[in-house]
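In: Coordinates only, no sequence provided:
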């Protein structure tokens, strides 16, 4: 035990507790709405890649690439020189429609979370204990402890 600790013990000074800045459970609750769109994107990409492998005989990497830019409605065209078969064209149309729907849902969820403002408020609350701990030469006029 060093001298400072002995003096604190002699004068019955208590250690000031450090603030608990852990707000991870609160932040995780804000990310819950993003789970469904992320799962839908992954499933639709997997469905699109497997569809191109089965219908158009693409390699797995070419099928992922084709599904990715078809799904995001970029629309470069087909990877192979020849045109899509009729089944491939119907599959591509379906993938574009579902891709647009999933991205619209995801964008709506992001806008909803940002408009509520709870996420920004929680991040500001996380910084507050650190700001309070750095205060010097101040007076507490009114103090209440639980």
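Out: Everything's here; your move. Just so you know, these numbers come straight off a predicted model, no measurement behind them. Residues are numbered from 1 along each chain as shown.
In: Return the distance of the longest helix seen in the chain from the chain's centre.
Out: Across the chain, the longest stretch assigned as helix under DSSP state H is helix 86-116. Distance of helix 86-116 from the chain centroid (C-alpha atoms, centre = their mean, to the nearest Å) equals 18 Å.
In: Check stretch 123-130 too.
Out: Centre-to-centre, stretch 123-130 and its host chain are 20 Å apart (C-alpha atoms, centre = their mean).
In: can you pull the buried residues of the longest helix of the chain?
Out: Buried residues in helix 86-116, defined by neighbour count with 16 or more other C-beta atoms under 10 Å: 88, 91-92, 95-96, 98-99, 102-103, 106, 113. (C-beta placed from N, C-alpha, C; glycine too.)
In: Could you do stretch 56-73 as well?
Out: So for stretch 56-73, counting by 16+ other C-beta under 10 Å, buried means 56, 58, 62-67, 70-71.
In: For that stretch, give me every contacting residue.
Out: With C-beta atoms under 8 Å, 6 or more residues apart in numbering as the test, stretch 56-73 has contacts from 41, 44-45, 48-53, 75-76, 78-80, 84-85, 88, 92, 95-96, 98-100, 103.
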